[in-house]
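> Build me a model from this:
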Amino acid sequence: MSPGPTQQLERTIRAWGLILWPSFLAACLLEALVFSIVDPGELHWPGHWGTPSPRAIYTVAFFAFWLICGLCSRLVLWLVESDRPHTPMALSGTPED
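Residues are numbered from 1 along each chain as shown. Here you go, the predicted model:
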């Protein structure tokens, strides 16, 4: 029995939530950890990039961290789903009926 459009949409929204929210929190933690050690004003860029503002460095770094953490979260979700290809994913850890 295939899932209906509403169930498909709910599953897609749940999957995006499971990917984006933990990766956002991890990116926040990484941003705090990295920039508590590294001063963006002391970074030297190769070539003729000029000197970006600290706010630009914080922003680009945050989105890079979020992208990397999001890809890791997606990989974990894919591994969990590929373990049980015909069973819908349940948050409780048990297959849904």
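
> name the element P46 belongs to?
Secondary structure from DSSP states H and E places P46 outside every helix and strand.

> So for it, what pLDDT did the model give?
P46 is assigned a predicted lDDT (pLDDT) of 79.

> gap between the most centrally placed residue in the chain and S82?
In the chain, the C-alpha nearest the mean C-alpha coordinate belongs to G70, at 1.9 Å (Cα atoms, centre = their mean). Distance from G70 to S82, counting by Cβ to Cβ, to the nearest Å: 18 Å. C-beta coordinates here come from the backbone N, C-alpha and C atoms, glycine included.

> sorry, back to before: so for the helix or strand harbouring the residue nearest to the centre of the chain, what gets flagged as buried?
Here G70 is covered by helix 54-83, with elements defined by DSSP H and E. Applying a neighbour-count criterion of 16 or more other Cβ atoms under 10 Å, one finds I57, A61, F62, F65, W66, C69, G70, S73, R74, L77 buried in helix 54-83.

> remind me, longest helix of the chain?
Counting residues, the longest helix found in the chain (DSSP state H) is helix 5-37.

> Mean confidence (pLDDT) on it, please.
93.

> How about stretch 67-84?
88.

> and it, how far out from the chain's middle?
Its chain's C-alpha centre and that of stretch 67-84 lie 10 Å apart, by Cα atoms, centre = their mean, to the nearest Å.

> Tell me which residues are up against that stretch.
A15, L18, I19, L20, P22, S23, F24, A26, A27, L30, M89, P95 (Cβ atoms under 8 Å, 6 or more residues apart in numbering).

> from those residues, which is closest to T51?
T51 lies nearest to L30 out of those, by Cβ to Cβ, at 23.4 Å.

> Report the contact partners of that closest one.
Taking Cβ under 8 Å, 6+ apart as the definition, contacts of L30 comprise F65, C69.
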